[in-house]
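Chemist: predicted model and sequence follow; I will ask about them next.
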Amino acid sequence: NAGVTQTPKFRVLKTGQSMTLLCAQDMNHEYMYWYRQDPGMGLRLIHYSVGEGTTAKGEVPDGYNVSRLKKQNFLLGLESAAPSQTSVYFCASSALAGRLSYEQYFGPGTRLTVT
Amino acid sequence: GIQVEQSPPDLILQEGANSTLRCNFSDSVNNLQWFHQNPWGQLINLFYIPSGTKQNGRLSATTVATERYSLLYISSSQTTDSGVYFCAASGGYQKVTFGIGTKLQVIP
């Protein structure tokens, strides 16, 4: 199992450009999450999904959109990047259907710089 | 949402020393995890421990859900233990809240 993978690993954008970050998991997990981590801080939840075709806002959703068209994939989009979105982005997944465990598994992260 | 506080914020240990990291949370939880973020930024699952005690080698963790805290014990610390330790908690599958972490430096 590859677990949770993220592409790309690094990206530099100019202000106003758009991009999509891809997260994939092969653990058949129901729930998927996108977080951002800024220097000296813990992770903050951007958006999450409780199943294919569903998404919900987290703590810091502004400026981001998400889609979950397939159970194994969760996409994070930036329509018009801003320097404040410079961060490290982590994807996570959890919970097999019917299992009462919320243990989250994280991808390796994507380092995004917006100039 | 749940508030998560970690202490201490920074810790410097001599190799071989033991340490205890603390995580306090503001409400009842059914998800409590400890992570280690290594110097390369990778988040490594240490424990999923909404209650009780678990041990894995030199690491162990205890969560006392009724008193709303969790402890992570590191014994015989090694330089490879350096990094940031995060506690994360939630009441379910959503709105997981991370603490700001304990930065650990183990010196030879």
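Modeler: Perfect, thanks for sending it.
Chemist: check which residues of stretch B:77-96 are buried.
Modeler: B:77, B:81-91, B:93-96 (16 or more other C-beta atoms under 10 Å in any protein chain shown). Using the backbone N, CA and C atoms, a C-beta is placed for each residue, glycine as well.
Chemist: who in chain A is up against chain B?
Modeler: Counting by C-beta under 8 Å from any C-beta of the partner chain, chain A comes close to chain B at A:31, A:33, A:35, A:40-45, A:48, A:50, A:56, A:58-59, A:88, A:90, A:94-95, A:100-106, A:108-109, A:111.
Chemist: what do you get if the cut-off is 10 Å, keeping everything else the same?
Modeler: A:30-31, A:33, A:35, A:37, A:40-45, A:48, A:50, A:56, A:58-59, A:88, A:90, A:92, A:94-95, A:100-109, A:111 (C-beta under 10 Å from any C-beta of the partner chain).
Chemist: drop anything exposed from those residues.
Modeler: A:30-31, A:33, A:35, A:37, A:42-45, A:48, A:58, A:88, A:90, A:92, A:94-95, A:102-104, A:106-109.
Chemist: quick one on the thing from earlier: of the residues of chain A next to chain B, which belong to strands?
Modeler: Counting by DSSP state E, the part of the residues of chain A next to chain B found in strands is A:31, A:33, A:35, A:37, A:43-45, A:48, A:50, A:56, A:88, A:90, A:92, A:94, A:104-106, A:111.
Chemist: if we can go back for a sec, among the buried residues of stretch B:77-96, which ones lie close to chain A?
Modeler: B:84, B:86-91, B:93-96.
Chemist: quick one: residues contacting the most centrally placed residue in chain A.
Modeler: The C-alpha lying nearest the average C-alpha coordinate of chain A belongs to residue A:34 (C-alpha atoms, centre = their mean; 2.7 Å). With contact set as C-beta atoms under 10 Å, 6 or more residues apart in numbering or on different chains, residue A:34 has these partners: A:6, A:21, A:23, A:43-49, A:55, A:58, A:60-61, A:64, A:66, A:74-76, A:89-92, A:107, A:110.
Chemist: residue contacts, residue 88?
Modeler: Chain wasn't specified; assuming chain A. Counted by C-beta under 10 Å, 6+ apart, residue A:88 has contacts A:35-39, A:43, A:108-112, B:41.
Chemist: oops, wrong one, chain B.
Modeler: So residue B:88 contacts A:35, A:42-43, A:92, A:102, A:104, B:2, B:4, B:23, B:25, B:29, B:31-35, B:43, B:96-99 (C-beta under 10 Å, 6+ apart).
Chemist: can you check residue B:31 too?
Modeler: Taking C-beta under 10 Å, 6+ apart, one finds A:94-95, A:101-104, B:2, B:48-50, B:88-97 in contact with residue B:31.
Chemist: inside helices: which ones of these?
Modeler: Assigned to helices by DSSP state H, none of these qualify.
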